[in-house]
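Trainee: Let's see this in three dimensions:
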Amino acid sequence: MQILKFIILIMIFLLSAFIGILISKKYSSRVLELKELKNALNILKTKIKFTYEPLPEIFKQMSENLQKNISAIFYNASINMKNMPTKEAWETSISSATLNLNNEDISILKNLGKLLGKTDVEGQVSQIELTSSFIDMQIKKAEDERRKNEKMYKTLGTVIGLAIVIILM
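Mentor: Numbers count the residues shown, from 1 in each chain. Down below sits the predicted model:
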């Protein structure tokens, strides 16, 4: 009976520590996704500026070379552009994507869709550069949040697990 109790206590401790680690991973994942988005915007800007290919084709090509979550945004947008306007396709794609971004990040990305496909090349490039500068600010904020919260949640999960184990002993 004592062995079973001991195993359950270890499981509670490990589960609690694991939950803390999962929560802390959201902060580092957000930073990585924002950096990947910045990279994607640089690629998009270059392709729009120099290739003159249609946006659905550019988005489809980009989706093949990006990280999974970010790739899904561009792939879904390219598919959605067949049935709806560019702005709607972009916003729908962002809304349906599974990302670790906060509402402010998503709002910045959705604003990019307002001018995509509607203005000339220079207008689109300007909008991409503006969005890119906003993402730079978001990356700085995300890195600050990660530094503050990542270690805290890992420690908190471990301490709470330890406290529960001590109480149940």
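Trainee: mind checking the end-to-end distance for stretch 95-104?
Mentor: Terminal residues of stretch 95-104 are spaced 13 Å apart (Cα to Cα, to the nearest Å).
Trainee: same check, this time on stretch 110-122
Mentor: Stretch 110-122 has its terminal residues 19 Å apart, counting by Cα to Cα.
Trainee: Can you tell me what sits against it?
Mentor: 41, 48-49, 52, 55, 85-91, 94, 123-124, 127-128, 131 (Cβ atoms under 8 Å, 6 or more residues apart in numbering). Every residue, glycine included, has its C-beta placed from N, CA and C.
Trainee: Mark which of the residues you listed are buried, thanks.
Mentor: 41, 48, 55, 86-87, 89-91, 94, 124, 127-128, 131 (16 or more other Cβ atoms under 10 Å).
Trainee: Next step: those residues restricted to strands.
Mentor: If you go by DSSP state E, the buried ones among the contacts of stretch 110-122 have nothing in strands.
Trainee: In helices, which of these fall?
Mentor: Counting by DSSP state H, the buried ones among the contacts of stretch 110-122 place 41, 48, 55, 86-87, 89-91, 94, 124, 127-128, 131 in helices.
Trainee: Format those as CSV; extra columns: pLDDT and distance to residue 137.
Mentor: Output for these, formatted as CSV (pLDDT from 0 to 100; distance: Cβ to Cβ, whole Å):
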residue, pLDDT, distance to residue 137
41, 89, 14
48, 83, 23
55, 82, 26
86, 81, 25
87, 82, 23
89, 83, 26
90, 85, 21
91, 85, 21
94, 87, 18
124, 80, 21
127, 85, 16
128, 85, 15
131, 87, 11
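Trainee: Same list (those residues) but as CSV, adding distance to residue 31.
Mentor: Formatted as CSV, these follow (distance: Cβ to Cβ, whole Å):
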residue, distance to residue 31
41, 16
48, 26
55, 27
86, 28
87, 28
89, 27
90, 23
91, 24
94, 18
124, 27
127, 24
128, 21
131, 17
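Trainee: wait, which of the residues you listed is closest to residue 68?
Mentor: residue 94 (15.2 Å; Cβ to Cβ).
Trainee: hang on, isn't that closest one packed against residue 106?
Mentor: Yes. Contact criterion Cβ atoms under 8 Å: residue 94 and residue 106 qualify, at 6.1 Å.
Trainee: of the buried ones among the contacts of stretch 110-122, closest to residue 9?
Mentor: Once Cβ to Cβ is applied, the member of the buried ones among the contacts of stretch 110-122 that ends up nearest residue 9 is residue 94, at 43.7 Å.
Trainee: so the residue nearest to that closest one when sequence neighbours are not counted, which of the three states?
Mentor: Nearest residue to residue 94, sequence neighbours excluded (Cβ to Cβ, 6 or more residues apart in numbering): residue 109, at 5.2 Å. Classification of residue 109 using DSSP: H, G, I helix; E, B strand; the rest coil returns helix.
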